[in-house]
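Chemist: Pasted the sequence and its predicted model underneath.
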Amino acid sequence: MSADYLESAKKQFEYYKMLGDKTIAQLPDDKLFWQYNEESNSIAIIVKHLSGNMLSRWTDFLTSDGEKEWRHRDAEFENDIKSKEELLTKWDNGWECLFRAINDIKEEDFLKTIYIRNQGHSITEAINRQLAHYPYHVGQMVFIGKIICNENWMSLSIPKGNSNTYNTEKFSKEKHKEHFTEEFLKKVNKDE
């Protein structure tokens, strides 16, 4: 069951990374830094926060507290990224750290306690905590992207008015067990 859980969690993380990737790709570079007001976050700030969180939580995931001493969380909300390239580097570094940590988890590791700010978690709890946190912020990125792009937004799910067509296509095919099929992942990668 642990291996199935890890594979499922990894697929969910991959899906939300893809949503963020596709949102970033749709926006003109300067719009990645747009803020509705001083209290709101730009996509760049959200990326900076996610990257900081991922690097802190997933570096030495099994052996050190997930809130690292070197992390400066408050600074993650300063809009000081200078370019799309810098933004993408932070985005990719965070996700690479996460996937490396998940790929390194062994069956026997599920008996360990993981700490985040001195609070003990099972591996499942620690992963679930991030599976709730990251989609929350990726959803914010998508929402900001939709606001900015308006009618030029390319839907990342079923476009408005196409639910019946989408469902007809899905129900015309044979059932499959896998949540994310290879066909789906190829389509996602092709569409990027």
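Modeler: Nice, I can see it. Numbering: from 1, shown residues only.
Chemist: Just read off the phi/psi values of residue 116.
Modeler: Reported as degrees, to the nearest 10, the phi and psi values for residue 116 are phi -130, psi 110.
Chemist: I meant residue 35, not that one.
Modeler: Torsion angles, degrees, to the nearest 10, at residue 35: phi -120, psi 140.
Chemist: Neighbours of it, how many?
Modeler: Per other CB atoms under 10 Å, the neighbour tally for residue 35 reads 14. Placement of C-beta: from N, CA and C, glycine included.
Chemist: what residues are up against it?
Modeler: 41, 42, 45, 79 (CB atoms under 8 Å, 6 or more residues apart in numbering).
Chemist: Got a quick PyMOL command for the buried subset of the residues you listed?
Modeler: Only the buried entries of the contacts of residue 35 go into this PyMOL selection, using 16 or more other CB atoms under 10 Å:
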select buried, resi 41+42+45
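Chemist: longest single helix anywhere in the chain?
Modeler: Identified as the longest helix of the chain according to DSSP state H is helix 123-149.
Chemist: returning to that earlier point: with distance to residue 139, secondary structure and pLDDT as new columns, can the contacts of residue 35 be given to me in a markdown table?
Modeler: Putting those into a markdown table (distance: CB to CB, whole Å; DSSP: H, G, I helix; E, B strand; the rest coil; pLDDT from 0 to 100) gives the following:
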| residue | distance to residue 139 | secondary structure | pLDDT |
| --- | --- | --- | --- |
| 41 | 12 | coil | 96 |
| 42 | 15 | coil | 97 |
| 45 | 15 | helix | 97 |
| 79 | 20 | coil | 87 |
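Chemist: Make JSON lines from the contacts of residue 35 and add distance to residue 30 to it.
Modeler: Supplementary listing: these in JSON lines, determined by distance: CB to CB, whole Å:
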{"residue": "41", "distance to residue 30": "16"}
{"residue": "42", "distance to residue 30": "10"}
{"residue": "45", "distance to residue 30": "15"}
{"residue": "79", "distance to residue 30": "12"}
